[in-house]
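**Student:** Structure for this input, please:
(2 chains, ligands or ions: 2)
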2 protein chains.
Amino acid sequence: MAGTEVTNRQVLFKNYVVGWPKESDMEVVTTTKKLELREGQKDVILKVLYLSCDPYQRGRMRDSLDSYIPPFTPGKPLDGYGVGKVVLSNDPDFKENDIVEGLMAWEEYSLGFKLTKIESDAVPVSYYLGALGMAGFTAYVGFFHVCQPKKGETIYVSAASGAVGQMVGQFAKLFGCHVVGSAGSAQKVDLLKNKFGYDEAFNYKEEPDLDAALKRYCPEGIDMYFENVGGKMLDAVLMNMKVFGRIAVCGMVSQYNNVEQDPIYNLNYTVKRRIKIQGFLQSDFVHLRPEFKKTVVEWFKEKKLEYVEDMADGIEKGPAALIGMLAGKNVGKQGIKVADN
Amino acid sequence: MAGTEVTNRQVLFKNYVVGWPKESDMEVVTTTKKLELREGQKDVILKVLYLSCDPYQRGRMRDSLDSYIPPFTPGKPLDGYGVGKVVLSNDPDFKENDIVEGLMAWEEYSLGFKLTKIESDAVPVSYYLGALGMAGFTAYVGFFHVCQPKKGETIYVSAASGAVGQMVGQFAKLFGCHVVGSAGSAQKVDLLKNKFGYDEAFNYKEEPDLDAALKRYCPEGIDMYFENVGGKMLDAVLMNMKVFGRIAVCGMVSQYNNVEQDPIYNLNYTVKRRIKIQGFLQSDFVHLRPEFKKTVVEWFKEKKLEYVEDMADGIEKGPAALIGMLAGKNVGKQGIKVADN
Ligand SMILES: NC(=O)c1ccc[n+]([C@@H]2O[C@H](COP(=O)([O-])OP(=O)(O)OC[C@H]3O[C@@H](n4cnc5c(N)ncnc54)[C@H](OP(=O)(O)O)[C@@H]3O)[C@@H](O)[C@H]2O)c1
Ligand SMILES: NC(=O)c1ccc[n+]([C@@H]2O[C@H](COP(=O)([O-])OP(=O)(O)OC[C@H]3O[C@@H](n4cnc5c(N)ncnc54)[C@H](OP(=O)(O)O)[C@@H]3O)[C@@H](O)[C@H]2O)c1
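**Tutor:** Ligands and ions are numbered 1, 2, ... in the order given. Got it, this is the predicted structure:
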C-alpha cells in the first residue's frame, strides 16, 4: 500500500457555530492522499470503516477553550471515535488488516490515535462505536460507579433509547433495579419497553407537565437519575427525587444548541432531599475499560444485552447524521458506515 | 417548684407566611402557667435561658408538609433549639438545676425535648446555641464529611460570618485550607479577616459582578464551596469551580423568602468540571455529635477557635431577632437571651 495514492473523501469543519449547526457548517470534499508513514513516528494509517456521531462533538464546534476538549479546526476534517482497518503501520502494536477502534478524522483514510485492537468477533465491529465503545463505557461507569446503585432502587433515564441510554437501562435491569425511561417518539418508547426491558417508558414530547409525568411513572420517587438531557427535564426530576437520591450528570443534550441555557429553579430540593448531583466524564475512568469490555462482551455472548444502531450509509451522509442525532432523528446509536471491511 | 404558677411570656406563631415574614406574623403574649409534670411521662420542664434563631425556621412558617420538618402551628409558640435550666423533671437523666441544650418552645417555661446535659463549663453556655450547637455541628459535618477536604485546597464560604460560616472558615484553616469568604457588610468582612482568620474576604453586596469577584479572590478556582445562600451566588460559583470540585449545599438563605426561586443557568459546568453538588442535613449525622463536641470543646480550650454571637435581650425581642437574621442584620450567631441562669 505504501506510496499508493487514494481518493480520500473528507468532512471538513467550516466555521464555529452559534445555535443549531446546519449541514452547511460542514463540507464534504473529495481529495487525494498518498498513503505514507512519517519516518520516526509511530504512525498507523487506517481505512476508516465506521465513524461515531456523538453529542460532545457539538461542543467542539464552539470557539471556546473552556472545555475538556479543544474545538475543531476550521478548514480541517472533524474527528472523533471510529473503527478502522490498518493499511500501514510503523507501530509494532498494529499490523496491516488489524481491525482497531480509537480516534480518527472524518475521512476515508486517516491517521489513528489511541487505538486498541478489536480481538473478539463476538459482536459486530460497529458495536465498538457504541455498545462497546465510548457510549457503552459511559453507561457502564455512570451507572455502576457514579449512580452507586442498590438493588431494588428506581432509576430514571432520559434520552433512554440513545447510544448511552439503552445501555444504562439494560445494565440497571441486570443489576436488579426498577427502570423507567423517556424518549422522543412512540417508536423509541416501544424499543424501551419491548427491546431494552425498561419497566416503564414514556414520550416526553407528549407530556406538557413533566412533573406530573414523573409522578405518574415513578409514583414512589426516583433514587437515581441518569441525566442525559438537562433543562426542563432536570428541573422536573429534582422535585421527584427521593431522599438520598443521586443524579449522575452524563450530559445535557437539550442545551447544546442553546445560546442561553434553560433556567433551573429546583436546586433547593438538594438540601431537603439530600440529593447528590455528580457530573462525570468517561475519560476519567479509563482504568476500567478492560473490565468493561470483558464484562460487556460476555453479556452479549450470553444474550443478556441488545443494541440498536442507526447507521448512515457513506461518509457523505456524515453532516446530516450528526445534526440529525442532535435533533433526535436517530433511533439507537448514530454512526456512519464509511466502508466495508 | 411543683405546682408553682409562673408568668410565662410566649412568642406565638400567628399564620403562614408568603414572602418576607414580618414581626406581626408573630405575637408576644404574657400568660401564666402552672409548673406540673404529667404523670407517666418523662417530662422535663425548663426555665428557658437562650433561644436560637435559625434560617430553617423560615421554612416552618410555610403551609407545606413537603419538608423534613413540619410547619409551626398557628396560635402556638414557635419552637427550636435552646438552652435551659431544669426546674422539674421526672426523667431520671435530668435533675433540678441541670443546664441542658435541646428543643424547646419560645416561652419562658417550656417542656424540653431531645435534651443533653451540658457538662463542661469550658465555654459560655450560650455557645450551645451556635458554636457547640446545631450551627457548629452543621459546619463540622459539612466541612469534614461532605466537602471531603484535602490540605492546601481552596474553600469558598458564603454567609461566612454567620453562625455556621464562621465555624466552617475556622475548621478549614485548622485543617490547612486556603479560605475565602463573603458576607454582607464591611464589619462582617473585617471579622472574617481579623477574627476568624479567613485568607480573603469580600462584601458581596459591593460586587455587581459576582463572577468577576470570585475570579479576583479565587484566581485559581474553587475546590470546595460551602453553600449557604443559593441564587446568583451559586450560579457564579459554578463557573469558578475547579475540576473535581465539591459543593456542600448547606442551605440557600437568599431564597427562603422568595415566592419564586432565582434561576440557575450554569449546571452544565457539572459535567465539564466533574463537579459534585451534595445537599446535606446535620440531623443525618447525629452519631457524630459526641465526637464533634469533644473535639470542638477541646479546640476552644486550646484557644484555637473564636465565636461571635449576636444576642437579643429578652424573649419579647424574639420576632425582630428572627426576621433581622434573615435580612442579615445579625453579626455572628443570632440568639435570644431569655433569662439569666
Ligand atoms: N459524560 C460523558 O463522558 C459522556 C460520554 C458520552 C455521552 N455523553 C452524553 O450522553 C448523552 C447521550 O449521548 P448519546 O451519545 O447516547 O446520544 P443519543 O442519546 O444517542 O442521541 C442524542 C439524543 O438526545 C435526545 N435529545 C435531543 N434533543 C433533546 C431535547 N431538546 N430534549 C431531550 N432530549 C433530546 C434525542 O433523543 P429523543 O428522541 O429521546 O429526544 C437524541 O436522539 C448526551 O448528553 C451526551 O453528551 C456523556
Ligand atoms: N443543612 C443543615 O443541616 C443546616 C443547618 C443549619 C443551617 N443551615 C443553613 O446554613 C445557612 C447559614 O445559617 P446560619 O444559621 O449560619 O445563619 P447566619 O449565616 O448566621 O444568618 C443568616 C445570614 O444569611 C445571610 N443572608 C441573608 N440574606 C441573604 C441574601 N439574600 N444573600 C446572601 N446572604 C444572605 C446574611 O448574612 P450576610 O450579611 O453575609 O448577607 C445573614 O446574616 C443557612 O442557609 C441555613 O439554612 C443548614
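**Student:** contacting residues around residue A:64?
**Tutor:** residue A:71 (Cβ atoms under 8 Å, 6 or more residues apart in numbering or on different chains). Bear in mind the C-beta positions are built from the backbone N, C-alpha and C, glycine included.
**Student:** pretty sure it is in a strand, no?
**Tutor:** No: using DSSP: H, G, I helix; E, B strand; the rest coil, the assignment for residue A:64 is coil, not a strand.
**Student:** Please determine how far it is located from residue A:71.
**Tutor:** Distance of residue A:64 to residue A:71, given as Cβ to Cβ, to the nearest Å: 7 Å.
**Student:** A strand includes residue A:335, no?
**Tutor:** Yes: using three-state DSSP, the assignment for residue A:335 is a strand.
**Student:** ok, the residue lying closest to it once chain neighbours are set aside - contacts?
**Tutor:** In space, and not counting its chain neighbours, residue A:335 is closest to residue A:129: 4.6 Å by Cβ to Cβ, 6 or more residues apart in numbering or on different chains. The contact partners of residue A:129, by Cβ under 8 Å, 6+ apart, come to A:50-52, A:81-83, A:101, A:135, A:309, A:333, A:335.
**Student:** Is there a quick PyMOL command that grabs whichever of those are buried?
**Tutor:** In PyMOL syntax, the buried subset of the contacts of residue A:129 is picked out as below (16 or more other Cβ atoms under 10 Å in any protein chain shown):
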select buried, chain A and resi 50+51+52+81+82+83+101+135+309+333+335
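**Student:** closest to ligand 1 among the contacts of residue A:129?
**Tutor:** residue A:135 (4.9 Å; Cβ to the nearest ligand atom).
**Student:** give me the low-pLDDT residue ranges for the stretch 1-150 of chain A?
**Tutor:** Within the stretch 1-150 of chain A, not a single segment meets pLDDT under 70.
**Student:** just the strands in it please.
**Tutor:** A:5-13, A:26-34, A:44-52, A:79-89, A:99-105, A:109-117 (DSSP state E, counting those that start in this stretch).
**Student:** just to revisit the earlier point, save the contacts of residue A:129 as TSV, and put in distance to residue A:259 too.
**Tutor:** Shown next, in TSV, are the contacts of residue A:129 (distance: Cβ to Cβ, whole Å):
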residue	distance to residue A:259
A:50	32
A:51	28
A:52	26
A:81	27
A:82	30
A:83	35
A:101	35
A:135	27
A:309	32
A:333	28
A:335	29
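**Student:** Can you pull the residues of the stretch 201-341 of chain A lying near ligand 1?
**Tutor:** A:228-229, A:250-254, A:280-282, A:325, A:328, A:330, A:333-334 (Cβ under 6 Å from any ligand atom).
**Student:** For those residues, pick the one with the most neighbours.
**Tutor:** residue A:250 (31 neighbours; other Cβ atoms under 10 Å in any protein chain shown).
**Student:** Next, the nearest residue to residue A:284 once chain neighbours are set aside: secondary structure please.
**Tutor:** For residue A:284, ignoring the flanking residues on the chain, the nearest one in space by Cβ to Cβ, 6+ apart is residue B:274 at 6.5 Å. Per three-state DSSP, the secondary structure class of residue B:274 is coil.
**Student:** Was I right to think residue B:274 contacts residue A:282?
**Tutor:** No: checked against Cβ atoms under 8 Å, the pair residue B:274 and residue A:282 is beyond contact range at 11.0 Å.
**Student:** Please consider this matter closed, and thank you.
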